[in-house]
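> Pasting the sequence and the predicted model now:
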Amino acid sequence: MISINNLTVAYGGFTLLNEINFHISESDKIGLVGKNGAGKSTILKLICGLQNPTSGKVAVPSGVKIGYLPQIMEHHRGKSVIDEAMTAFADMHELEAELERITTELAERQDYESQEYQNLIVRMNEVNDRLSYTRSDNPQVQAEKTLVGLGFKYDELSRPTETFSQGWNMRIELAKILFSKPDVLLLDEPTNHLDIESIEWLEGYLKDYRGSLVLISHDRKFLDNVTNRTVEIMLGRIHDYKVSYSKYQELRRERIEQQRAAFENQQRMIEKTEEFIERFRYKPTKSNQVQSRVKQLEKLERIEVDLEDKSSLTVKFPPASRSGEIAYKSVDMKVGYGTKVVFDDAQIEVKRGEKVALVGRNGEGKTTLMRVIMNELEPMAGESKVGYNVNIGYYAQNQEDILDKNDTVFETLDRIAVGDVRMKLRDILGAFLFKGEDIDKKVAVLSGGERARLAMAKLMLKPYNLLALDEPTNHMDIRSKDILKQALKSYDGTLIIVSHDRDFLDGLVDKLYEFRDGRVKEHLGGVREFLERRRIENLSELERHYKTVEEKPAEVVQKKEEAKQEYQAKKFVSKEERKIRNRIAFLEKGIEEIEIKMKEIEAVLSNPKPEDDVMELTRAYLENKRELDLKMEEWEKLSESLEE
């Protein structure tokens, strides 16, 4: 579908992408991976035509529709959430208007054999095909379902877009792109502003998406669940693997090991051959053999080992001083802004050495609690108390408000460093990949990932015994996140972290506080157990939301039995009535089979094993539930018609 041919991008004397080639086919779901600054976002811009290569070209067939979600975008104002989302259907409305015009013209014309008439028929078929692909549901219903899936509440859909944060407006733009159903979907870190449940919804959507997908993400689980091909950018070149991210990592290690082994074997052979040539070069009796070996070396295709970019984040937090047994505690706490209550009756207790995650929908109060802990916000009621001898290191989600854009990288640390640590500033910055001239860069020109690393470097300057980290991994590449995670696991202080990255939290935290509907609920255990419990709860909520007929199982059984008895009692029935009774019997058999399937799925969901795909099971359960509701509704109507 789309071909990238001998493409090079260079800036001055620096080559970012060096003669890369790959093809995007119709069924491809590609994970574009590599370090921050490797050129991933550049490739998406090149495909969209927003940037031109230094040499080479991107070939996009005419008629191919591309949907592109950049990391940073301009958001529209002046409309409600739902009205702004509905603007995505403008193309569909234009197609509908065109179809109506063509239909009217065909009805009026009588030149059936003319080329113009045939062209109109061809165009009508093209428009019909396009409409059949784009309008599967009522646009309003489709928009509402998608926006709710992305985390909006129904009562928020009528609010103006300007009353929402940049992250929420990004969701509106993402929804609009999904509505347009492009042939190729290009997403640049779409999960950065999504909460866990919205990420899982987007996963399900992209799994079923029929077009091509090129995805940039630093969320390993998201990549594994969505992509079937991985294109890695390393040192200006690409390596293409027809597998998901985790499998790519295995194959990449194997490839490098095989290359290295083959390279070493070849080097030994070359060394022995050169020794032979040098030893017998001047012996006439060996001249033929020497010449043969020389030609052999000249023709030899030298094995090369792919260069690896081994620069990575190396972090070890300073030892933490001992605090009191309770690092932070709240009792009956109500928190909000002005008259708006964000959450109420919060009972939170974080003990010394615990690693705790704050999770939940954006806007439910996770960052607000961080502000309370940092004494930036007073509770409306109740008690909030930091423990004895607790020294907090705070990583704020929005680094724009924390870092001075006019400072250089080095000055950012130099302004707050005291004592012996001042002698180690260059080493600390080097550990966070700021080397050479990088330390003289102004904060204003740093990328999102670089600002994240710089803010994290500030936490190394003091031996904090409680780290309060609000979305620390946003914009960090996967390798940097892995190393940061290991550093936090070995950190001997207390950790309170806000994150939507399931893979990052898995194995790191041992307790979670969920912020939901104005309440804070404690969950013991890791993020995997929490998500499994939430899926079961969400399943019940979805059932209640979509259920149209409320009946107890006993009542259903009773109705079935009554219908059977009535059927047996009547020997002579009309032909129409016989059809109805046959249909009822067919429905009852189907209902029984579906109920058995649902019980089997419920049994697995109540105690899932590692190999069980909980998302797929949940989807299957809901599909069965919808089919059951339809059959039950038809069964009831038919039963009532017989009673009449």
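Ah, there it is. Numbers count the residues shown, from 1 in each chain.
> State the helix or strand in which residue 4 lies.
Per DSSP states H and E, residue 4 falls inside strand 2-11.
> which parts of the following helix or strand past that strand are buried?
Where DSSP H and E defines the elements, the next helix or strand beyond strand 2-11 is strand 14-24. Of the residues in strand 14-24, 16, 17, 18, 20, 22, 24 count as buried by neighbour count, 16 or more other CB atoms under 10 Å. Yep, even glycine has a C-beta here, placed from its N, CA and C like the rest.
> Following the chain onward from the one helix or strand residue 589 maps to, which element is next?
Following DSSP H and E, one finds residue 589 within helix 575-606. For helix 575-606, the following helix or strand on the C-terminal side (DSSP H and E) is helix 614-643.
> That following helix - contacts with which helices or strands?
For helix 614-643, the elements it packs on are helix 196-208, helix 527-546, helix 553-569, helix 575-606, judged by 3 or more CB pairs under 8 Å, 6 or more residues apart in numbering; DSSP states H and E.
> who touches stretch 47-66?
The set of residues external to stretch 47-66 that reach it, using CB atoms under 8 Å, 6 or more residues apart in numbering, is 1-10, 17, 19-20, 24, 42, 45-46, 68, 180, 182-186, 214.
> where do the strands sit along the stretch 1-150 of the chain?
Shown for the stretch 1-150 of the chain, the strands assigned by DSSP state E, counting those that start in this stretch span residues 2-11, 14-24, 29-33, 55-59, 66-69.
> Please identify the buried residues of the fourth one?
Meaning strand 55-59. So strand 55-59, judged by 16+ other CB under 10 Å, has buried residues 56, 58.
> Look up phi and psi at the most centrally placed residue in the chain.
Of all residues in the chain, the one closest to the mean position by CA atoms, centre = their mean is residue 191, 4.2 Å from it. Main-chain dihedrals, residue 191, degrees, to the nearest 10: phi -90, psi 0.
> what's the closest of the buried residues of strand 14-24 to residue 516?
Nearest to residue 516 among the buried residues of strand 14-24 is residue 24, at 39.3 Å by CB to CB.
> Could you measure from the closest one over to residue 531?
Plainly put, residue 24 is 32 Å away from residue 531 if you go by CB to CB, to the nearest Å.
> can you confirm residue 214 is in a helix?
No - counting by DSSP: H, G, I helix; E, B strand; the rest coil, residue 214 is not found in a helix; it is strand.
> quick check: domain ranges of this protein?
79-181, 267-302, 326-529, 547-643 (automatic domain parsing).
> deepest of the ones you listed, which one?
domain 326-529 (a mean of 18; mean count of other CB atoms under 10 Å).
> Check the offset of that one from the chain's centre.
Remark: domain 326-529 is offset 21 Å from the chain centroid, using CA atoms, centre = their mean, to the nearest Å.
> returning to that earlier point: my guess is the residue nearest to the centre of the chain meets residue 220, correct?
No - judged on CB atoms under 8 Å, residue 191 makes no contact with residue 220 at a distance of 11.2 Å.
> any chance of the domains of the chain in TSV, with distance to residue 202 and mean pLDDT too?
Listed next are the domains of the chain as TSV, based on distance: least, CB to CB, whole Å; pLDDT from 0 to 100:
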stretch	distance to residue 202	mean pLDDT
domain 79-181	7	80
domain 267-302	46	85
domain 326-529	11	87
domain 547-643	12	70
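> can you give me the helices for the stretch 201-350 of the chain?
Remark: helices assigned in the stretch 201-350 of the chain by DSSP state H, counting those that start in this stretch are 220-226, 245-280, 287-299.
> For residue 179, give me its contacts.
Residue 179 sits in contact with 85, 88, 89, 139, 142, 143, 146, where contact means CB under 8 Å, 6+ apart.
> ok, the closest residue in space to residue 128 that isn't next to it in sequence to residue 129 distance?
Once flanking residues are discounted, residue 128 sits nearest to residue 99: 6.8 Å by CB to CB, 6 or more residues apart in numbering. Distance, residue 99 to residue 129, using CB to CB: 11 Å.
> how close does residue 53 sit to residue 47?
11 Å.
> now swap in residue 213 and tell me
Using CB to CB, we find residue 213 at a distance of 12 Å from residue 47.
> which residues do the two both contact?
residue 184.
> So between these two, which is more surrounded?
residue 213 (22 against 19; other CB atoms under 10 Å).
> What residues are bridge-paired with that one?
For residue 213, the beta-bridge partners under DSSP bridges are residue 29, residue 185.
> Test my guess that it contacts residue 27.
No - using CB under 8 Å, residue 213 is not in contact with residue 27; the gap is 9.7 Å.
> wouldn't residue 286 be in contact with residue 280 here?
Yes - using CB under 8 Å, residue 286 is in contact with residue 280, at 3.7 Å.
> what would the strands of the stretch 1-150 of the chain look like in JSON lines with mean pLDDT and distance to residue 174?
JSON lines is the format used below for those (pLDDT from 0 to 100; distance: least, CB to CB, whole Å):
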{"stretch": "strand 2-11", "mean pLDDT": "88", "distance to residue 174": "21"}
{"stretch": "strand 14-24", "mean pLDDT": "88", "distance to residue 174": "20"}
{"stretch": "strand 29-33", "mean pLDDT": "92", "distance to residue 174": "17"}
{"stretch": "strand 55-59", "mean pLDDT": "89", "distance to residue 174": "23"}
{"stretch": "strand 66-69", "mean pLDDT": "89", "distance to residue 174": "6"}
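> how about those, which one is nearest residue 429?
Across the strands of the stretch 1-150 of the chain, closest to residue 429 is strand 14-24 (CB to CB), at 20.9 Å.
> and residue 483, which of the helices of the stretch 201-350 of the chain is closest to it?
helix 220-226 (13.6 Å).
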